[in-house]
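J.: quick one: sequence and predicted model below, then my questions.
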Amino acid sequence: MKSTLEKNFSDEMINDLARKTGFVKRARKLPASSFVNTLMFSFCNQASTSLPDIAADLNQQFSIDISKEGLHKKFSREGVVFLKELVKFQLSQQFSLQTGTELKNHFASVTIKDSSKFSLPGIYNKDYPGFGNFSKTNGLMNLQYEYDLISGNWIALELTTVNKNDQQDSKQTTDSITKGGLYIRDLGYVTPTYLKAVIQKEAYFLNRMPPQTNIYTLEKEPMDWRSIARKFNKTGANALDMDVLIYQRELLECRLVIESVTDIEYRKRLKQAELSAKKHGVGLSKEHKLRCRYNTFITNVDRAILPVETIRKTYYLRWQIELVFKTWKSVFEINKVKKVKTERMECQLLARLLWVLLNWRLYQSCNRHVQKQTPEKGVSLLKFFKRCISFSTSLRLVLLNRINLSKWLRQIFLPLIDNTLCEAPAGKVTHYQILRSLLCLS
């Protein structure tokens, strides 16, 4: 942890990067490191933080006297580029996994990815346009985020417009796929290009099957959902596991796992489908109604590694990323934005995400400490990040070398661990237990 803070958030590194990106061209009274520190450790969300607030903090913490007009000029295109490069640098500093256990892993990584959107004031509609019924007249921020469940490392974090949707992102980021990794993504990312890239790079995918995907038997005959329904009725099975071909132009072979849902869930899905069909002025086919009875998953993982009974709970590891987004919005309030110039909004948001990433490193350290002792346990992400706000002030003093790091770890940080352990609801297991069973050979 000491080396992480000293190397990744040092004044020297930050100021050097500011010069390389053109944010700082010559010696100024406002060093880039002070600018970043003040934005990162703002107590309030962007909507509640004024220029006088930022100027007052710079004066209090660094004895820097700057007017709000001078500060306003610092929020520039160069400032945005600088902070984006700082985020990229932090993402490149991978956290090594040292759990103290010798697991025989089936996968080199278990990577989940999703996007999260939130509305912006209408003045941002030109730079971040909305779409459809979602924020049509306002701006709309889109965050593309990916991380590895095994190491906890962030793989990607990007601020984009909704013009770059999940399908486009999956096609444009195939270079990030690595051999031996398991990739779990939402429906929007599942394209022939993405799946083909996973297979070619000797990696693995586990996804829900997009509803409009063509499915064929290995004999290249279209799959009949009525025959699937008859198989369920005849065998009384809860799930079917078969080898199929998907898509039409580029046939890809994979496993198709079909799992029946409860009658209550079926009626709920059918009602939603009927409402959607009515809204779009179309009818609901018998096949569509049949498909509402099932969960469908596609994967290229061998049955010996991922048997049919573990498919669903493994796929639901993806929901950890929803918990991340919930934390960012409900705890850190990154979605609360007011009308300021675009560059200032972007700078403040990027700095807030840098603060989240700094605390994520602490979260990783907590997990490593816990899993050295008990590999099947881990730290609750939500519990940890609710508490990290309380030690934010003292963590800032550590970065500013005003508090001894070892003393801070011993007296403030480590006592948190017992109070942030992940606990399973009654009759269920934690995602750490699911992950461990997935990784360990039986």
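T.: Yes, it's here. Numbering: from 1, shown residues only.

J.: every contact and neighbour count from this point should use C-alpha atoms.
T.: Will do.

J.: in the protein, where's the longest helix?
T.: Secondary structure assigned by DSSP state H gives helix 342-373 as the longest helix of the chain.

J.: the following helix or strand past it: how far from the chain's middle?
T.: Elements were assigned by DSSP states H and E; along the chain past helix 342-373, the next helix or strand is helix 381-388. Relative to its chain's centre, helix 381-388 lies at 16 Å (C-alpha atoms, centre = their mean, to the nearest Å).

J.: okay, helix 381-388 in CSV with CA atoms only?
T.: Once side chains and other backbone atoms are set aside, the C-alpha atoms of helix 381-388 remain, and they are given as CSV (Å, rounded to 0.1, in the frame of the first residue of the first chain):
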residue,chain,number,x,y,z
LEU,A,381,-18.0,-3.5,-1.4
LEU,A,382,-21.0,-1.5,-0.3
LYS,A,383,-20.0,-1.6,3.4
PHE,A,384,-16.4,-0.6,2.7
PHE,A,385,-17.3,2.4,0.5
LYS,A,386,-19.8,3.7,2.9
ARG,A,387,-17.1,3.8,5.5
CYS,A,388,-14.3,5.1,3.3
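
J.: for that helix, packing partners?
T.: Helices and strands touching helix 381-388, by 3 or more C-alpha pairs under 8 Å, 6 or more residues apart in numbering; DSSP states H and E, are helix 319-326, helix 342-373.

J.: how about the strands in this protein?
T.: Under the criterion DSSP state E, the chain contains strands at 109-120, 129-131, 134-148, 154-160, 181-185, 204-208, 215-216, 239-246, 252-260, 294-299.

J.: save those as JSON lines, and put in distance to K68 and mean neighbour count too.
T.: Converted to JSON lines, these look like this (distance: least, C-alpha to C-alpha, whole Å; neighbours: other C-alpha atoms under 10 Å):
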{"stretch": "strand 109-120", "distance to K68": "23", "mean neighbour count": "22"}
{"stretch": "strand 129-131", "distance to K68": "29", "mean neighbour count": "20"}
{"stretch": "strand 134-148", "distance to K68": "26", "mean neighbour count": "19"}
{"stretch": "strand 154-160", "distance to K68": "26", "mean neighbour count": "18"}
{"stretch": "strand 181-185", "distance to K68": "44", "mean neighbour count": "23"}
{"stretch": "strand 204-208", "distance to K68": "50", "mean neighbour count": "23"}
{"stretch": "strand 215-216", "distance to K68": "61", "mean neighbour count": "20"}
{"stretch": "strand 239-246", "distance to K68": "59", "mean neighbour count": "19"}
{"stretch": "strand 252-260", "distance to K68": "59", "mean neighbour count": "21"}
{"stretch": "strand 294-299", "distance to K68": "55", "mean neighbour count": "20"}
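
J.: let's have those in CSV, adding mean pLDDT and distance to I403.
T.: CSV is the format used below for the strands of the chain (pLDDT from 0 to 100; distance: least, C-alpha to C-alpha, whole Å):
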stretch, mean pLDDT, distance to I403
strand 109-120, 93, 36
strand 129-131, 83, 44
strand 134-148, 84, 31
strand 154-160, 92, 28
strand 181-185, 94, 40
strand 204-208, 96, 46
strand 215-216, 91, 61
strand 239-246, 94, 57
strand 252-260, 95, 55
strand 294-299, 94, 50
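
J.: okay, the ones you listed in CSV with distance to T342 next?
T.: Converted to CSV, the strands of the chain look like this (distance: least, C-alpha to C-alpha, whole Å):
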stretch, distance to T342
strand 109-120, 11
strand 129-131, 13
strand 134-148, 11
strand 154-160, 13
strand 181-185, 31
strand 204-208, 36
strand 215-216, 46
strand 239-246, 44
strand 252-260, 44
strand 294-299, 41
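
J.: if we can go back for a sec, looking at the helices and strands packed on helix 381-388, which is nearest to P192?
T.: Between P192 and these, the shortest gap by C-alpha to C-alpha is with helix 319-326, which sits at 23.3 Å.

J.: which other helices and strands contact that closest one?
T.: Under the contact criterion of 3+ C-alpha pairs under 8 Å, 6+ apart, the helices and strands touching helix 319-326 comprise strand 109-120, helix 381-388.

J.: for I417, find the nearest of these.
T.: With distances scored as C-alpha to C-alpha, the stretch of these nearest to I417 is helix 381-388 (8.3 Å).

J.: still on that earlier bit, V198 is nearest to which of the strands of the chain?
T.: Of all the strands of the chain, it is strand 204-208 that lies closest to V198, at 6.1 Å by C-alpha to C-alpha.
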